[in-house]
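Enquirer: sequence first, then the predicted structure, then my questions.
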There are 2 protein chains.
Amino acid sequence: MKRVRAIVLTSGGLDSATVLAMAHRSGRQCYALSFDYGQRHRSELAAAARVAGAFEGTVHKTVALDLRGIGGSALTDDAIEVPTQPTSGIPVTYVPARNTVFLSIALGWAEVVGAQEIHLGVNAVDYSGYPDCRPAFIEAFGNLAAVATKAGVEGNPVKICTPIIDMTKAEIISAGVELGLDYSMTVSCYQATESGVACGVCDSCRLRAQGFLDAGIKDPTHYV
Amino acid sequence: MKRVRAIVLTSGGLDSATVLAMAHRSGRQCYALSFDYGQRHRSELAAAARVAGAFEGTVHKTVALDLRGIGGSALTDDAIEVPTQPTSGIPVTYVPARNTVFLSIALGWAEVVGAQEIHLGVNAVDYSGYPDCRPAFIEAFGNLAAVATKAGVEGNPVKICTPIIDMTKAEIISAGVELGLDYSMTVSCYQATESGVACGVCDSCRLRAQGFLDAGIKDPTHYV
């Protein structure tokens, strides 16, 4: 039987690393996809390469696209500061339409390599309130994929898989540790240093640290 | 009353130039968006700049994204030749998920500048058989936009406008000429030279030439 091929969006962070570990363990041929989009926290790209390299046979690709030209987020515009305190509503770290853009490019790569699935680590429990991390968004993208491509038109639409969407951060971490995933490879911080050292105070750092705490697992993150 | 803001996908070709002319004439504040995606016919980028520059007050942006890394099309992979004869089915000039990717980035820019509309020159009559030029695709993208962004979540989803989707190539050309559009600025050819001279034999050239013929309008295209 032919192995299922899966594109796995791989940011270098904790969530997507867990999703890649799950897809790899299930026997899928994994195609890890990362984006050099002008993000503030560029050390996550090195982390993405480490993560992809940790799973044998995984093909890794980094696509360059310059979202700084569009701006509108603390992650792509140096003039907007990363908040270090909890905020209400959709935070300024939200990158307009980021997951839509990433999934679209994943859809294109899926078509080229003949992948039947796209996996991504969105999470709607311990998350930052981004609109494009919600189940309604994932469902709408699946509907789009069914009509957007050659495979879709021919009756084989790519499936959008979100294995951790209903898990808490602690559950994600526990699942990853059980799969042997070494989270010290990953970088979640929105303003990590070049060598991947985390600030410990941004939204993403706080969610991550709380997750390790709740899971009762030692936090291997390098903090400043 | 505040002017409606519209992102207009502007490739440098005939169709999108007509759409921009229509949006501009209707009084919209236009944001022309082009993509440097590694396309074979790079002279269309110069054409896009000429077209955007022809409509006063239009903001023009070119976003770089490297779709060559993904390949899978005669337009982004030099190893695949551009066909010069009609083919059946979806042609090799189809770029996997291209319109999905372009619309996604347009959606992000729309959110940043507060645009209420995205206009694009897809056409389902005299077209190349690409899946992402059909009404079903446009409708699915509209549904996605409604849940993908902050504006969508707040009840103001961006509207996807396809003013020429039901027009023949001849009708599009006639409409453009009536609006004073100078089509000699535009480049449609899939393998145009650096200075924008068209091959005259690719699918895109043939559709364009036939359109001028059917419209009874002199073809201003520079052919080799």
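Expert: Nice, thanks for sending it over. Residues are numbered from 1 along each chain as shown, chains lettered A, B, ... in the order given.
Enquirer: show the end-to-end separation of stretch A:151-171, please.
Expert: End-to-end distance for stretch A:151-171: 35 Å, by C-alpha to C-alpha, to the nearest Å.
Enquirer: residues making contact with stretch A:91-100?
Expert: A:37, A:67, A:70, A:72-76, A:80-83, A:120, A:122, A:128-133, A:137, A:141, A:190, A:202-204, B:104-105, B:107-109, B:111-112, B:144, B:148-150 (C-beta atoms under 8 Å, 6 or more residues apart in numbering or on different chains). Where you see a C-beta, it was placed from the backbone N, CA and C, and this is true even at glycine.
Enquirer: need the buried ones from the residues you listed selected in PyMOL.
Expert: Applying 16 or more other C-beta atoms under 10 Å in any protein chain shown to the contacts of stretch A:91-100 leaves a buried subset, and the PyMOL line that selects it is:
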select buried, (chain A and resi 37+67+70+72+73+74+75+76+82+120+122+129+130+131+132+133+137+141+190+202+203+204) or (chain B and resi 104+105+107+108+109+111+112+144+148+149+150)
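Enquirer: show me where chain A has helices.
Expert: Taking DSSP state H as the test, the helices found in chain A are A:14-25, A:43-53, A:98-113, A:135-148, A:150-153, A:169-178, A:203-215.
Enquirer: lowest-confidence stretch among those?
Expert: Of all the helices of chain A, helix A:150-153 carries the lowest average pLDDT, namely a mean of 84.
Enquirer: list of residues touching it?
Expert: Contacts of helix A:150-153 with the rest of the structure, by C-beta under 8 Å, 6+ apart, involve A:Ala110, A:Glu111, A:Gly114, A:Ala145, A:Ala146, A:Val147, A:Pro157, A:Val158, B:Ile90, B:Tyr94, B:Pro96, B:Pro131.
Enquirer: return the set of buried residues in that helix.
Expert: Those buried within helix A:150-153 under the rule 16+ other C-beta under 10 Å are A:Lys150, A:Ala151, A:Gly152, A:Val153.
Enquirer: swap in stretch A:14-30?
Expert: Neighbour-count burial for stretch A:14-30 [16+ other C-beta under 10 Å]: A:14-24, A:28-30.
Enquirer: show me the two of those that sit farthest apart.
Expert: A:Leu14 and A:Gln29 (23.2 Å; C-beta to C-beta).
Enquirer: for stretch A:86-99, measure first residue to last.
Expert: 22 Å.
Enquirer: mind listing what's buried along that stretch?
Expert: Those would be A:Pro91, A:Val92, A:Thr93, A:Tyr94, A:Val95, A:Pro96, A:Ala97, A:Arg98, A:Asn99, for stretch A:86-99 by 16+ other C-beta under 10 Å.
Enquirer: now for those residues: which two are most distant?
Expert: Spanning the widest gap among the buried residues of stretch A:86-99 are A:Val92 and A:Asn99, at 16.7 Å by C-beta to C-beta.
Enquirer: show me the contact partners of the strand ranked longest in chain A.
Expert: Longest strand in chain A, counting residues (DSSP state E): strand A:29-36. Outside strand A:29-36, the residues that touch it by C-beta under 8 Å, 6+ apart are A:3-12, A:20, A:23-24, A:42, A:45, A:48-49, A:51-52, A:55, A:57-65, A:102, A:105-106, A:109-110, A:113, A:115.
Enquirer: need the buried ones from those residues selected in PyMOL.
Expert: The buried residues among the contacts of strand A:29-36 can be selected in PyMOL (16+ other C-beta under 10 Å) with this line:
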select buried, chain A and resi 5+6+7+8+9+10+11+12+20+23+24+42+45+48+49+51+52+55+58+60+61+62+63+65+102+105+106+109+110+113+115
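Enquirer: please list which of the contacts of strand A:29-36 also come close to chain B.
Expert: A:Lys61, A:Thr62, A:Val63, A:Ala64, A:Leu65, A:Ile105, A:Trp109 (C-beta under 8 Å from any C-beta of the partner chain).
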